[in-house]
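Enquirer: below is the structure, and that's it, no one-letter string:
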């Protein structure tokens, strides 16, 4: 390696180190787990492969697992969300890290394979890519004790696999923990989407019309924060109960066909492909700004948009498409996750909860591997409560406990 | 009956009729069910006993069941929530109605028995009182096909009964429908508690410190509306995950012992007894106002308060207690449900959703009685979606549908 | 007087006494003024005529002025806002009170004249009716030292009078005090309009479309609270700067012609006549609810509505008009001030600020009558600050003071 | 100039050009003024010196003035807010631009002098630095027709100058226009402070305790947005009326001494020096983050902090101070304006309003120079309304107009 390259990597790693340290400051629950809650060297002798968005918080997690005795390898869950400085820092700490921002899909798949080449006993997956890869590699599969899945998006696929008895090991669906989806998904996405849009565009939200596609936990969080910044919020949904909730929460609920004509900002968070399609882009106002906060880039039908207009890069992460009508539409981050690509992703304080779940689940898998079946498990409620208690304590918040008298009265027939 | 009494009852009934009509205007889903969705005379030959808060909306429901062919009798779920004019109107429509505002607990129990004396095949219960009464009366029990339960509070008891094989008929837990608890509990309680407190006291909420005990659906609704009226909101909880949610939602979370010293308003919504106890009353500031929105009056420990201070009625529904310290605490509606006793209860537009669930569940019970087991059932998801669709349509709100292409992509492995 | 009538009046007065006492509890600043800030017997020998909405807070004010030595008479500012029990209580305290809820306009004018028959030296006027009456009665006019005006609506008229040198005495425009209009108008109207609409209709605000006509202090307060209760808020305005503010505050700004078709609730607060006209009523949806929070009943063009539809009383304070189209529109309180007629008016805690201004202004007028000119004065800023300080202290709120060092640096050139 | 440097400057300028173009898209009112409202070549033959924050929007303004015929020179209002790419772009357009991010105070003063060396007839000043400089340079002063002042902070100084008859030319205080301070100050500061804090720290706002010092327009905007992002907001004030407003708006009002112990974030916006002092820093919790949004860096007493702790750079714009207690405090952007230094400053859509005021004021000064006195003027109300109308039109918002009948009724005595 030439000296200059070496020097550049060192600086990158130093930068990543600083960011990992900054993140760790806001992750007291994870620190607490490492400082006694989990048995010392709990993961000694275990190989753990992580396939997660490669952010500073993932750096904190990977390091903690290492400190607890695991042999860790890391691949990125999405090439555009990779923070190269964090990757460099992890590598310089001796953790094999297979990630590079901007890798193409073939390269990305290879990185996941590389991370799995340690023959993991435990696999930590974001949305199912690594678990799918393992199922295609019988030689790796046999040694796996269990895995975790971070997002809602991959759960249905794993459940189907389990039902057809093709799931090869137990998987805990971390997203179903209350301390995960009630916080990370809603609050994390809410803040980081606003952050990403502001960094990418600098545009005024107050008084704007902001369209959120999807009213699940993520969509709800985005809607809440967009309103908090002064926008008038429109919601589109396909589930009538959620649509009714959005309407009763004071948002204007309508179809995307109608919303397309009214919005200044659009953010997709449906968990489905093609939430915003060519006919919607064609109907938008001049200056409309479009972003995606859903797992799949294809929530925005950019191939459809490319078919009617040519992009021009006008800001660092903004492509402007001039439509045949002369109207100009701006797309942020090429339709990739706006909060991770244009922003820094979920705040560390929330990843603290999600990753604490993850660590406790890995510990659980390691200790109960023998007795678990090859199916998809929920996070045990007691873990959920424990994490919340640790977080409240770190915030200096005390809460009440039911007294014996209250418990007795609650059990009594009324 | 003397002419004067007769005249008074007629006026009362006319007043009740007007209120039932006013409520029915805001209940389009129920109207829609009656106008074709439910088979004409679906309940012909069935006796249905209702034990619900006797409000104008219950009047709309009872009348609809009658129109659909049922023989209906009505008892009140709580004597203080009974609206005597509605009771008179129902009686004048020929529906046996056993309810009187202010009845004592013995009288109230007798009213429930009277309502059950029609030997119902279907029983609609609020929190379990009527179902418990039936289980004490073997001569009535044998004919019951099924029942519904409206609130969360009674479900645990029924589940325990079912597990010990003592539940005598299938019961559908209506509260678990999304179109029930996400709307009625949160939004209905939210608005009607504010309404009840304002009617009872007229005090300024803006700039006040408002303490909500409990952060379930009801507590959340109250907190949201109190903040919407300009109050600073404090939340107390015993569940750490909910407490963390409240904190992250921007509320000050603390113990009741601390909150007691800080609040101007207190509202209990924990679903537990003794949420606010004598030691808390003793710590409150001069002028504090205390209300209960929980199912059990005993969320407020009024016996405990009575032991340290004497009440004096200072407004129609407000009792002021002068504590030994000289500080004065005001309790609304003697600790009974503030939204039903001081206000008019949940707005008709929300009861529309709850009662539509109820009617569809009764129809379901009537049609599937043979195949159902003696256990507690959830509301089928399809009914939930149907109700939401009907409501959205009545509001003039159109929503998107997943296209065939989207469904295909969602099913595909990713 | 027959014994029965006497007894009825006694009960009414007792009820009014209780309400005055309840109000006084939330008026600590006024109590403080009476307890030393204003010289003992400051108004000894002075006759003071009040023409104010006859609420419990006005009862507190009138009593305080009496305790400070004044000879007081009272007339109501609007016949529909009069609380007869408070009027009876004041009368039983020996204060000549000329007010009766529901008086017609001739009767109301006579009541004002009656109140002025004490030949007041000081006149406290709500919107200019009493001051106008005085200017028509030269025999009363000569003895007047000064007056105060409570609302913004009458100020322009008085300014015009002053410019043409026809104003006979100095008047202080209380509304221009920051501790008046920033609180009473915005927060008081905001809460009491919501309160009045809920009491009158019981309808659900969450998810509704709520149209506010006018975005002055009152309209802003209503919009804020309607949003706080979960409504989607529409604003109409004629001033482009205010309209832009409303838009940037996240409200949908449009014309009344468009809003008429979209709203579930309408509330006028423009300070102008004819804000909602026959063509708007004709365009409204079935079930729309219309109220007025503006000073003049004629903000709603009810004569225009009467010309196309007939009213029917459907709730205590609600008239329903069935339009030729079959759509039904409900008008609250015959278009009179919804917060005062259907609700209890501004909360005592805010009238505390407004009336504290008033008392200090009367004291100021009494002490400086000689040196004041015949024009419209603003409230001196020092009084404003003093009132805010007293209020904060009563709330237990401490604030910072600029240090000597800070003052020095602020004065220095930078 | 070496080829490499030349190339670097070209790239910088191209980058600045792109940002100026992006800003101009959101400034339709300014575009409208240039497209006919202002006479073509209105500023022909006039030299205009600008001393403004050197952002993309200032680039749009400077270019527009050039197109309207002016000879323009530019200096930065603050060396840390300068965007070097915009400065390069302006220079490459032939506009003399004297600005460099990070200049020291001597260099900065020289830049202002350089910009004034064109002997301007009109001077556009941010907070008074350029106007003060002119008053120190008699040879430049004589030719000045007038100036404008952008912020509130410098107005008092100029008023004092005018009163002592030392102000040498008329100055229009642009900040007093409603379309300036109601928007730019409140909404612009609100969004850009949140933006700046998120970019600098990435920390979670939801559930945090956020302390805002000062409740003027800027402080209010910050408080509103911090709450909108889920924070619990504390406000400190020295003005009792503003403090009372903050309390009634639902914020916790207290002294800085108390707030210092409770906050996770601190933002100063008082317009005074020393809002947050060494004793406050010393009392803060571990991890507290401190920023300044006030005009003067010295709102934060960093010399005082430096005396008790040493800074360490931990993120690009964050210095961490480890206190003797071991607690660590992070200060953003060395106490300079967080919204301009860590964020991109006020969104273009708001600078559109502020700069439209500015252009109309310059036009007014140029046309009325002869008749104006040497004092501080407000923006004429008609200009304010015109700007609001242009903005509403660009947003597609139509509003009502008072009809002749309404005007007549408003003028009539009531």
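Expert: Great, that's in hand. The structure displayed is predicted, hence computed values, not measured ones. Residues are numbered from 1 along each chain as shown, chains lettered A, B, ... in the order given.
Enquirer: so for stretch A:329-345, mean pLDDT?
Expert: What stretch A:329-345 shows for mean pLDDT is 92.
Enquirer: cool, and stretch A:108-124?
Expert: On average, stretch A:108-124 scores 97.
Enquirer: wait, does it contact chain B?
Expert: No: applying Cβ under 8 Å from any Cβ of the partner chain, one finds stretch A:108-124 separated from chain B by no less than 12.8 Å. Where you see a C-beta, it was placed from the backbone N, CA and C, and this is true even at glycine.
Enquirer: which residues touch that stretch?
Expert: A:43, A:46-52, A:70-71, A:73-76, A:78-79, A:96, A:98-100, A:103, A:129-131, A:133-134, A:137, A:140, A:143-148, A:150, A:358, A:362, A:365-366 (Cβ atoms under 8 Å, 6 or more residues apart in numbering or on different chains).
Enquirer: next one: that stretch to chain centre, how far?
Expert: Using Cα atoms, centre = their mean, to the nearest Å, the mean C-alpha position of stretch A:108-124 is found 19 Å from that of the whole chain.
Enquirer: just the buried positions in that stretch, please.
Expert: Neighbour-count burial for stretch A:108-124 flags A:108, A:111-116, A:119-124 (criterion: 16 or more other Cβ atoms under 10 Å in any protein chain shown).
Enquirer: same question, stretch A:47-67
Expert: Result for stretch A:47-67 [16+ other Cβ under 10 Å]: buried residues A:47-66.
Enquirer: quick one on the thing from earlier: farthest pair in the buried residues of stretch A:108-124?
Expert: Pairwise distances across the buried residues of stretch A:108-124 peak at 23.7 Å for A:108 and A:121 (criterion: Cβ to Cβ).
Enquirer: I'd like the average pLDDT over stretch A:291-310.
Expert: 91.
Enquirer: closest residue of the stretch 201-350 of chain A to chain B?
Expert: residue A:240 (3.7 Å; Cβ to the nearest Cβ).
Enquirer: shouldn't that residue be in contact with residue B:389?
Expert: Yes: the criterion here is Cβ atoms under 8 Å, and residue A:240 meets it with residue B:389 at 4.5 Å.
Enquirer: between the two, point out the one with more neighbours.
Expert: Set residue A:240 next to residue B:389 and count neighbours by other Cβ atoms under 10 Å in any protein chain shown: residue A:240 wins out with 22 against 16.
Enquirer: strand partners (parallel or antiparallel) of the helix or strand hosting residue A:124?
Expert: In this assignment (DSSP states H and E), residue A:124 forms part of strand A:122-125. Here strand A:122-125 has these sheet partners by DSSP bridges: strand A:47-52 (parallel), strand A:146-149 (parallel).
Enquirer: run the chain-centre distance for it.
Expert: That offset, for strand A:122-125, works out to 15 Å (Cα atoms, centre = their mean).
Enquirer: ok, the residue in chain A positioned nearest to chain D - how many residues close by?
Expert: Nearest to chain D in chain A, going by Cβ to the nearest Cβ, is residue A:228, at a distance of 2.4 Å. For residue A:228, the neighbour count with other Cβ under 10 Å is 26.
Enquirer: report the contact partners of it.
Expert: D:225, D:227, D:228, D:229, D:230.
Enquirer: now the last one: phi and psi?
Expert: This points to residue D:230. phi 100, psi 10 (degrees, to the nearest 10).
Enquirer: how close does it sit to residue B:244?
Expert: 13 Å (Cβ to Cβ, to the nearest Å).
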